[in-house]
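*Asks:* Prediction below, plus the sequence it came from.
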Amino acid sequence: MSFHPIEQAPGRLNRSELAVPGSQPQMFEKAADSDADVIFLDLEDAVAPDEKLQARKNIIKALNEIDWGKKSMSIRINGLDTHYMYRDVVDIVEQAGERLDLIMIPKVGTAADVYAVDMLLTQVEDATGLKKRIGFEHIIETALGMQNVHEIAAASKRNESLHFGVADYAASMRARTTVIGGVNEHYSVLTDPDGDGNRQTHWGDMWHYAISRMVVAARANGLRPLDGPFGDFSDPDGFKAAAYRAAVIGCEGKWAIHPSQIALANEVMSPSKDEVDRAERILKAMAEAEAAGKGAVSLDGRLIDYASIRQAEVLVEKAKQISAG
Ligand code: GLV
Ligand code: MG
């Protein structure tokens, strides 16, 4: 290991993160009864300008009055380039800060953006005498944010997670798509003709680089990486495929922009019984190998070594975290 220690963010369960518009209070109770691990009450892009002030009031009331159970509660504030953002923080933290675990900062572009919200929030927390420190979730969804993702990830002790905001990211990159997440038939390669002259189109994942880059920044700074929205809520298979491809490269969770996506995200982001069983077998085999003075052995015809212990521990720890709720 490097001499540089990586401090891990609080181990919060974050397989699913449900987006709920702050302007739709009739949706709050259902969200509170759902199986989402984290809920963010939105003040930003799901709320029209005329509804911003009412949405803020709705959220304050809901945080104070609704029983959200063991869920982690977040608010997505408006961007730092708007005149709403400071009151989103001041009013909600002053009036409902006790039940707020996280603040989600959209379109974060630089480490200084994080510093600015940290400074404001610290003043409000100190003035109101809040004991618990509210954490930060950052949406990486602009070219600037992606360029500075490493500095953003390291910019505050409050940082807990990075989220890939595919919709705004696509817009910021001027990508030729109008869907939210998912695949694009034009991001593909055509194979050379085989012996019969047949060619195949192999679709790729146009977001692979962006998510991978964000995952590196998150993990190098002890934060949780999460994949953002998948807009087609009538396509559960597409959602699961998108979630799996994020999970296998290290994402811990995915957004649900519709209640039907919560169970899908929880399922995909929880290691399966088979995965956990195999991880436990690896740990057992390596413990036996070590007792016999060996650093590497074979299991089911494959090499395992000390790196396998670290891989297996990730899965076993995740399974424990999930069963502890
Ligand atoms: C989320 O905010 C996104 O833009 O995808
Ligand atoms: Mg966005």
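*Replies:* Arrived safely, thanks for sending. Ligands and ions are numbered 1, 2, ... in the order given.
*Asks:* Am I right that Leu41 sits in a helix?
*Replies:* No - assessed with DSSP: H, G, I helix; E, B strand; the rest coil, Leu41 is strand; it does not lie in a helix.
*Asks:* which residues touch the residue of the stretch 51-200 of the chain found nearest ligand 2?
*Replies:* Closest residue of the stretch 51-200 of the chain to ligand 2, CB to the ion: Asp168 (3.5 Å). C-betas here are computed from N, CA, C, even on glycine. Listed by CB atoms under 8 Å, 6 or more residues apart in numbering, the contact set of Asp168 reads Asp45, Pro106, Lys107, Ile139, Glu141, Thr142.
*Asks:* Report the secondary structure state of the third one.
*Replies:* Three states are possible here, and by three-state DSSP the one that applies to Lys107 is coil.
*Asks:* correct me, but it touches Ile140?
*Replies:* No - applying CB atoms under 8 Å, one finds Lys107 not in contact with Ile140, separated by 9.1 Å.
*Asks:* Quick check: neighbours shared by these two?
*Replies:* By CB under 8 Å, 6+ apart, the residues touching both Lys107 and Ile140 are Gly165.
*Asks:* Pick out whichever of those two has more residues nearby.
*Replies:* With neighbours defined as other CB atoms under 10 Å, Lys107 and Ile140 compare such that Ile140 has more, 30 against 23.
*Asks:* Relative to Pro193, how far out is that one?
*Replies:* Ile140 is 40 Å from Pro193, where distance means CB to CB, to the nearest Å.
*Asks:* how far away is Asp50 from Tyr84?
*Replies:* Using CB to CB, Asp50 is found at 12 Å from Tyr84.
*Asks:* Who has more neighbours out of those two?
*Replies:* For Asp50 versus Tyr84, neighbours defined as other CB under 10 Å are more numerous around Tyr84 (18 against 8).
*Asks:* Just give the nearest non-adjacent residue to the more buried one, would you?
*Replies:* Asn78 (3.9 Å; CB to CB, 6 or more residues apart in numbering).
*Asks:* and that neighbour, helix, strand or coil?
*Replies:* Assigned by three-state DSSP, the conformation of Asn78 is coil.
*Asks:* Neighbours of it, how many?
*Replies:* Other residues close to Asn78 by other CB under 10 Å number 25.
*Asks:* so who does it touch?
*Replies:* Contacts of Asn78 (CB under 8 Å, 6+ apart): Leu43, Glu44, Lys52, Tyr84, Met85, Asp88, Pro106.
*Asks:* In terms of pLDDT, where does the residue nearest the centre of the chain sit?
*Replies:* Nearest residue to the geometric centre of the chain (CA atoms, centre = their mean): Leu226, 2.2 Å. At Leu226, the pLDDT value in this model is 98.
*Asks:* count of neighbours near Val117?
*Replies:* Neighbour count for Val117, taken as other CB under 10 Å: 23.
*Asks:* I'd like to know which residues of this protein are adjacent to ligand 2.
*Replies:* Within reach of ligand 2 by CB under 5 Å from the ion, the chain has these residues: Glu141, Gly165, Asp168.
*Asks:* Which ones among those residues map onto helices?
*Replies:* In this view, the residues of the chain next to ligand 2 that belong to helices under DSSP state H are Asp168.
*Asks:* Could you restrict the residues of the chain next to ligand 2 to the ones contacting ligand 1?
*Replies:* Glu141, Gly165, Asp168 (CB under 6 Å from any ligand atom).
*Asks:* Quick check, the first one in contact with Ile152.
*Replies:* It stands for Glu141. No - counting by CB under 8 Å, Glu141 stays clear of Ile152, with 11.5 Å between them.
*Asks:* wait, what's in contact with Arg76?
*Replies:* Applying CB under 8 Å, 6+ apart, the residues near Arg76 are Ala19, Phe40, Leu41, Asp42, Leu43, Glu44, Met104, Pro106, Ile139.
*Asks:* mind redoing it with 7 Å?
*Replies:* Each residue near Arg76 by CB atoms under 7 Å, 6 or more residues apart in numbering is listed here: Phe40, Asp42, Leu43, Glu44, Met104, Pro106.
*Asks:* can you pick the most crowded of these?
*Replies:* The contacts of Arg76, ranked by neighbours (other CB under 10 Å): first place Leu43, 29 neighbours.
*Asks:* so that residue touches Arg56, yeah?
*Replies:* Yes - under the criterion of CB atoms under 7 Å, Leu43 makes contact with Arg56 at 6.3 Å.
*Asks:* What is the burial count for Met1?
*Replies:* For Met1, using other CB under 10 Å, the count is 5.
*Asks:* hmm, I was thinking of Gln200
*Replies:* When neighbours are counted by other CB under 10 Å, Gln200 registers 11.
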